[in-house]
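> structure for the following, please:
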Amino acid sequence: FVNPSLSKNGLEPFTIDVEVTKNTAIFCRAETETYTVIGPHEFRGYGHEFEKAFTTIQVPQSTGHHRVISYKFGDLKFVVRYETDGYLGEHSGVQTQTVEDSDHGNLLKMMETLSLARSTSHSRRAPDSKLVIKEEGKQVPIQSTLEIKTRASRNPIRIHEVLPQLWVSQTPNLVRAHHNGGLFGPPEVEDVTREITKWEEDHGNDLTGLAMLIKKIIRVVRDNGGNAVVKHDGRSGSLEVWTRDGKRMLPVDLYSKLGDKVESTQAIGSDARKTTLKIGDAVYSVDISMIPFLSSFINFQRLAQPQRTDFVLEDIPLFDIALKGLESGYRQCFRSLRGDIPQYHTLCETYDYLGVDVLGGQSVDDIFADLRACRTDYELEYKRYQIVRGDKTRARDAAFRLLFLIIRGEFGDEKQDPVKVYNAVLFVVSHSGTFKHGTRTAVRAAFEERFVVSRKQQSQLERWRKKDVTNRSDDENTTEDEFPEPYLSDDS
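Got it, this is the predicted structure:
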C-alpha cells in the first residue's frame, strides 16, 4: 500500500483484522479463500509436482511449515508468523537441532508465556479446543530456510518480485525454478542475503512510511475500542478503518496475559467524510474529496456561511451513475447504461464537468495493460496455487476508461494510436469470459463511431459479434475466456 509498485499485481484490495490490547496489537489478514478446488480437467501449473520431486517431507502427513520470527522494526517489536517452503538439508553444512536438544532462545521463552511451550507428553489437546498439539521433527535454523518459486521460462521470475516477501520473513535462500512445458532443469539455491540487505537500503523511505502507517493504525484502533477492520478497495489511495463486533483473534486464556478487554463500538468508516447535498430532486451522501467540482463548491459555501449544512445544486445529468462509478468502480457504469452510446457521451461529459480524472494519466498502452490483467496465470505460493494477473475487476474498470478515452480523449499519433485502440477494443469484444455483453457492445460502438474502421478490422469485429449473438445467454453470466493471447494488428 505504501508503494504499490513493489507488488507484481500492483495495488490490490485487502482486509486486515486488528485487535489492540494494552501494549499489544494483533494483525491478521482476512483471506478471500483458504483452499482451492482443482477440477479433473483444470491445469494450475507444476509447482506442487516440483516440490514433490525436489523436497522431502520431514513430518509425515504435514501439509505445510509455519514459522514464528521476531525482530524490531520502527521502534516496535514484531512477532511474525509466516509459511516457508523448505530448508537446506544437513549436506548444506547448516546444522539443525532436535526439539529436545535445542536452546529455545528469547523468542521461544516469550512464547512459553503464551502457553505454547513444550509439554511433557508427546501430544496434548489445548483447553476448550479441538486443536491437538503434537511435537515432532526438529528445529530448523532460519539460515537454512528457503522460498521456492516456479514459473514458465517464457515469463522468468525477477528477483525484485520476491524481495519484499523475503525481507518480511527474513528468508535468506531462494529457488527460482523455470520450466518448458513442465520440464524443469536442476534447481539452484541462491543465497539472497546481500540482495535483501540492498533492497532494505534502497527502500528506506518506503519502510519508514510503513512503520508510521502501522503505528497510526494501532493508535486509531486503540482510540476506538481496540477491535477493528482495516480495508482497502484496490482503487483509492486511502484506507478505511471500521470497528467491529466479532470473534476474538486469540484463545480466551491468552487475553488474561495481555490484559484489557475488547468493547463493542460502532463503525467509524468513511461515512464521517461524507457530505449530504441535494442535486436536482435527489439527496446524496457524497465523499466530496473524490469530486473536485463539488469539493470546491462546498468549501466555498462553507467559507461564506460556516454554519450552513444544506447544500443544493441543479440537476447534473446521470450523476447517480457517475457517483456509483466513483464509489464502486467504473465497471458499474456499464451495468447501469448497457449499450446506449448517447448516454455514455452524457456520462463522460458529466465526469469532465465534475472535474473527475477518469483516465488518471493513463495512455492507451496503460489501459491495455490493465485489460490484460484479466489473463489468468498460476504461481505456487504458501503451498497453494495463487492466481497471478487474474484481476477481472481491474480489467472491467479499464474497459470503461478505454471507452472514455475513445469518446473524450485526444490522440497525438493519428496512425498508431487508432491501431492501439483497435487492439484494445478487439481484446474486450473477444473476451466474453471477462466483459459482459453490454460492455463489449458499448466499447465496440464507441470505437466504430470515433474511428474509420478498415475492412480487415471490421471483419474481425463482425466475427466476434456473430459469435456473441450465438452464445449470448439471458442472464449474461460470464464464462472462461477462450484464447490465451489477444489478436494484435498493425493494420490501420
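> residue 395 and residue 371 touch, don't they?
Yes: assessed by C-beta atoms under 8 Å, residue 395 is found in contact with residue 371 at 5.1 Å. No exception for glycine: its C-beta is placed from N, CA and C like everyone else's.
> need the pLDDT of residue 261.
At residue 261, the pLDDT value in this model is 43.
> cool, residue 284 as well?
Per-residue confidence for residue 284 comes out at a pLDDT of 93.
> helix, strand, or coil at it?
Taken by DSSP: H, G, I helix; E, B strand; the rest coil, the conformation at residue 284 corresponds to strand.
> and it, how many neighbours?
16 (other C-beta atoms under 10 Å).
> count of neighbours near the closest residue in space to residue 235 that isn't next to it in sequence?
Distances taken as C-beta to C-beta, 6 or more residues apart in numbering place residue 329 nearest to residue 235, at 6.4 Å, with adjacent residues excluded. The burial metric for residue 329, expressed as a neighbour count using other C-beta under 10 Å, is 17.
> who touches stretch 299-317?
Here stretch 299-317 makes contact (C-beta atoms under 8 Å, 6 or more residues apart in numbering) with 275-281, 297-298, 322, 346-347, 349-350, 353-354.
> which of the residues you listed has the largest number of neighbours?
residue 347 (26 neighbours).
> check that one and give its pLDDT.
Residue 347 is assigned a pLDDT of 96 by the prediction.
> which strands and helices sit next to the host helix or strand of it?
Using DSSP states H and E, the element containing residue 347 is helix 341-354. Contacts of helix 341-354 with other secondary structure elements, assessed using 3 or more C-beta pairs under 8 Å, 6 or more residues apart in numbering; DSSP states H and E, are made with helix 292-304, helix 319-328, helix 331-337, helix 392-408, helix 437-450.
> let me know which of those helices is the nearest to residue 152.
Using C-beta to C-beta as the criterion, the shortest distance between residue 152 and the helices and strands packed on helix 341-354 is 21.3 Å, found for helix 392-408.
> helices or strands next to the closest one in the packing?
Packing partners of helix 392-408 (3+ C-beta pairs under 8 Å, 6+ apart): helix 331-337, helix 341-354, helix 364-371, helix 416-429, helix 437-450.
> that helix relative to helix 416-429, how many degrees between them?
Here the directions of helix 392-408 and helix 416-429 differ by 140 degrees (axes from the mean of the first three to the mean of the last three C-alpha atoms, to 10 degrees).
> so helix 392-408 versus helix 437-450, what angle?
Using the same axes, to 10 degrees: helix 392-408 against helix 437-450 is 30 degrees.
> which residues touch helix 392-408?
Under the contact criterion C-beta under 8 Å, 6+ apart, helix 392-408 has outside partners 10, 13, 234-235, 325, 329-331, 333-334, 344-345, 348-349, 351-352, 358-360, 362, 364, 367, 370-374, 421, 424-425, 428, 434-435, 439, 442-443, 446-447, 450-451.
> quick one: that helix to chain centroid distance?
With C-alpha atoms, centre = their mean, to the nearest Å as the basis, the distance from the averaged C-alpha position of helix 392-408 to the chain average is 19 Å.
> and that helix, what's buried?
Within helix 392-408, the residues that qualify as buried are 392-407, counting by 16 or more other C-beta atoms under 10 Å.
> again, but for stretch 13-28
Judged by neighbour count using 16+ other C-beta under 10 Å, the buried positions of stretch 13-28 are 14-21, 24-27.
> and it, end to end?
In terms of C-alpha to C-alpha, to the nearest Å, the two terminal residues of stretch 13-28 are separated by 15 Å.
> what separates residue 308 from residue 283, distance-wise?
Here residue 308 is placed at a distance of 16 Å from residue 283 (C-beta to C-beta, to the nearest Å).
> make that residue 55, sorry
61 Å.
> cool, and residue 368?
According to C-beta to C-beta, residue 368 and residue 283 sit 39 Å apart.
> who's more crowded, these two?
A count of neighbours by other C-beta under 10 Å puts residue 368 above the other of residue 368 and residue 283, at 21 against 10.
> the more buried one touches residue 423, doesn't it?
Yes: in this structure, residue 368 sits in contact with residue 423. The criterion is C-beta under 8 Å, and the distance is 6.9 Å.
> show me the helices in the stretch 1-150 of the chain, by range?
When assigned using DSSP state H, counting those that start in this stretch, the helices of the stretch 1-150 of the chain occupy the ranges 47-54, 105-112.
> among these, which gets the worst mean confidence?
Of all these, helix 105-112 has the smallest average pLDDT, which comes to a mean of 46.
> residues near the nearest residue to residue 449 once chain neighbours are set aside, how many?
Counting by C-beta to C-beta, 6+ apart, residue 341 is the residue found nearest to residue 449 once chain neighbours are left out, at 6.5 Å. Close neighbours of residue 341, defined as other C-beta under 10 Å, add up to 16.
> residue 341: what's it in contact with?
Residues touching residue 341, when contacts are defined by C-beta under 8 Å, 6+ apart, comprise 442, 445-446, 449.
> and it, what pLDDT?
According to the model's per-residue confidence, residue 341 sits at a pLDDT of 90.
> equivalent analysis for residue 102, please.
The predicted structure scores residue 102 at 43 on the pLDDT scale.
> what would the helices and strands packed on helix 341-354 look like in a markdown table with distance to residue 251?
Compiled in a markdown table, the helices and strands packed on helix 341-354 are given as follows (distance: least, C-beta to C-beta, whole Å):
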| stretch | distance to residue 251 |
| --- | --- |
| helix 292-304 | 47 |
| helix 319-328 | 38 |
| helix 331-337 | 42 |
| helix 392-408 | 36 |
| helix 437-450 | 48 |
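> quick one, which of the ones you listed is nearest to residue 182?
That would be, of the helices and strands packed on helix 341-354 and by C-beta to C-beta, helix 392-408, which comes in at 26.7 Å.
> C-alpha coordinates for the helix ranked longest in the chain, PDB please?
In the chain, assigned by DSSP state H, the helix with the most residues is helix 204-223. These are the backbone C-alpha positions of helix 204-223, laid out as PDB (Å, rounded to 0.1, in the frame of the first residue of the first chain):
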ATOM      1  CA  GLY A 204      14.400   3.000   3.400                       C
ATOM      2  CA  ASN A 205      11.700   5.700   2.700                       C
ATOM      3  CA  ASP A 206       9.100   3.100   2.000                       C
ATOM      4  CA  LEU A 207       9.900   1.200   5.200                       C
ATOM      5  CA  THR A 208       9.800   4.300   7.200                       C
ATOM      6  CA  GLY A 209       6.400   5.100   5.700                       C
ATOM      7  CA  LEU A 210       5.200   1.600   6.500                       C
ATOM      8  CA  ALA A 211       6.300   1.800  10.200                       C
ATOM      9  CA  MET A 212       4.500   5.200  10.500                       C
ATOM     10  CA  LEU A 213       1.300   3.700   8.900                       C
ATOM     11  CA  ILE A 214       1.300   0.700  11.300                       C
ATOM     12  CA  LYS A 215       1.700   3.000  14.300                       C
ATOM     13  CA  LYS A 216      -1.100   5.200  13.100                       C
ATOM     14  CA  ILE A 217      -3.400   2.200  12.600                       C
ATOM     15  CA  ILE A 218      -2.600   1.000  16.100                       C
ATOM     16  CA  ARG A 219      -3.400   4.400  17.500                       C
ATOM     17  CA  VAL A 220      -6.700   4.700  15.600                       C
ATOM     18  CA  VAL A 221      -7.900   1.200  16.600                       C
ATOM     19  CA  ARG A 222      -6.800   1.700  20.300                       C
ATOM     20  CA  ASP A 223      -8.700   5.000  20.400                       C
END
